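A.B. asks: I'll drop the sequence and a predicted model, then ask my questions.
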Amino acid sequence: MKLFSSVHDVTDINALAKEALELKRNPYSHTHLGKNKTLALVFMNPSLRTRMSTQKAAMNLGMNVMVLNIDKEGWALELKDGAVMNGTTVEHIREAAAVMGEYADIIGVRSFPGLKDRELDYSEDIFNKFVKYCGVPVVSLESATRHPLQSLADLVTIEELKTKAYPKVVLTWAPHVKALPQAVPNSFAEWMCRADADFIIAHPEGYALSTEFTRGAAITHNQEAALADADFIYVKNWSAYEPYGKVMPGNEDWMLTNEKLRATNNAKVMHCLPVRRNLELSDEILDGPNAVVVHEAGNRVWAAQAVLKRMLEGS
Ligand code: CP
């Protein structure tokens, strides 16, 4: 594997999830693979889980890890080709990415969307330029439109905790005060559309995701109906795709509560974290027996380790 940017880079998602669970059982079975190999993690935005779980995964494989918070510690990057760099940018992404490729065997990149220009965000301009110019395998640490390491960890969690072969999985929109990217729900949707699951998306009117990611999913504006008999509930806020990046007033009643959980099949509640308590998810859910959010975050290590292992095996 040379690129992990979406579900389209994986031939068999169930085999990859199985490999992640094997690594969970035997974390140090492949320490030889990463000997004398270096992973560089480049962050343009904050991170707790992605940073620490990917570092841990690389260390389990015997790799060395370098982390660069490029937004704070690097030179200001120029992205436009042909730019006359007489303003605030100091280094062009062409040189920056190529130089990083000289120091690392694999590069991970996090680059969030601006949520102002949909065409620009959905072109994955920054992420694709890293891929183009660095010359080594690249792992997405969350790009403008997708978060595949999170989605793989989510699949691993569902495979691990499911009690039936074909569980009902509901992705439900949740309230928030800020405009958040569509990367997590886009990505979760495109992985779940390929998973062994009865997959439904519930959101208020005005929050339809791009059909590029949701093809094959059932979609409803009726949260109550969607939650009936659910085995897994994936809670997440996102801003509108059209009008792009907007947050509509209202919809506070979309927050999940114990009362709503009663209609489910004792559903396990997932969230990628970080989560705003009592806005996106209630205390009673997060502190109750149905929440598996910390377990899910723990699985980020094995998801990242499975992907890095495949990249090392291919190098
Ligand atoms: N879920 C997730 O990606 O968390 P971080 O933003 O903390 O990495």
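C.D. replies: Happy to help now that I have it.
A.B. asks: and residue 219, which of the three is it?
C.D. replies: Following DSSP: H, G, I helix; E, B strand; the rest coil, residue 219 is assigned to strand.
A.B. asks: please apply the same query to the one 10 residues further on.
C.D. replies: With three-state DSSP as the basis, the three-state label of residue 229 is coil.
A.B. asks: right, and it touches residue 265 too?
C.D. replies: Yes: contact criterion C-beta atoms under 8 Å: residue 229 and residue 265 qualify, at 5.0 Å. Quick note: C-beta positions are derived from backbone N, CA and C, even for glycine.
A.B. asks: near the ligand, which residues of the protein are found?
C.D. replies: Within the chain, the positions near the ligand by C-beta under 6 Å from any ligand atom are 47, 48, 49, 50, 142, 150, 272, 273, 274.
A.B. asks: burial of the second one, as a residue count?
C.D. replies: The local packing count at residue 48 equals 10, with neighbours defined by other C-beta atoms under 10 Å.
A.B. asks: tell me, how many residues neighbour the spatially closest residue to residue 141 that is not a sequence neighbour?
C.D. replies: Using C-beta to C-beta, 6 or more residues apart in numbering and skipping the chain neighbours, the partner closest in space to residue 141 is residue 110 (3.8 Å). When neighbours are counted by other C-beta under 10 Å, residue 110 registers 25.
A.B. asks: contacting residues for residue 110?
C.D. replies: 41, 42, 43, 44, 45, 47, 50, 140, 141, 142, 143 (C-beta atoms under 8 Å, 6 or more residues apart in numbering).
A.B. asks: quick check: it vs residue 220, distance?
C.D. replies: Distance, residue 110 to residue 220, by C-beta to C-beta, to the nearest Å: 32 Å.
A.B. asks: please apply the same query to residue 59.
C.D. replies: For residue 59 relative to residue 220 (C-beta to C-beta), the value is 43 Å.
A.B. asks: neighbour count winner among these two?
C.D. replies: Neighbour count, other C-beta under 10 Å: between residue 59 and residue 220, residue 59 has more, with 18 against 14.
A.B. asks: quick check: the more buried one touching residue 52?
C.D. replies: No: contact criterion C-beta under 8 Å: residue 59 and residue 52 do not qualify, at 10.5 Å.
A.B. asks: need the pLDDT of the residue nearest to residue 141.
C.D. replies: Looking at residue 110, its pLDDT reads 98.
A.B. asks: repeat for residue 144
C.D. replies: The model's pLDDT for residue 144 equals 98.
A.B. asks: keeping just the C-alphas, turn the lowest-mean-pLDDT helix or strand in the chain into PDB.
C.D. replies: Ranking every helix and strand in the chain by mean pLDDT, DSSP states H and E puts helix 70-73 at the bottom, with a mean of 91. Written as PDB, here are the backbone C-alpha positions of helix 70-73 (Å, rounded to 0.1, in the frame of the first residue of the first chain):
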ATOM      1  CA  ILE A  70       3.700  22.700  10.700                       C
ATOM      2  CA  ASP A  71       1.100  25.400  11.400                       C
ATOM      3  CA  LYS A  72       3.000  26.500  14.500                       C
ATOM      4  CA  GLU A  73       6.600  25.200  14.000                       C
END
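A.B. asks: list the buried residues in the lengthiest helix in the chain.
C.D. replies: Assignment by DSSP state H gives helix 293-313 as the longest helix of the chain. Across helix 293-313, burial judged by 16 or more other C-beta atoms under 10 Å covers 293, 296-312.
A.B. asks: which ones are touching the residue of the stretch 201-315 of the chain found nearest the ligand?
C.D. replies: For the stretch 201-315 of the chain and the ligand, the shortest gap (C-beta to the nearest ligand atom) falls at residue 272, measuring 3.9 Å. Counting by C-beta under 8 Å, 6+ apart, residue 272 touches 49, 147, 150, 154, 184, 236, 296.
A.B. asks: count of residues packed around residue 33?
C.D. replies: Residue 33, neighbours per other C-beta under 10 Å, totals 17.
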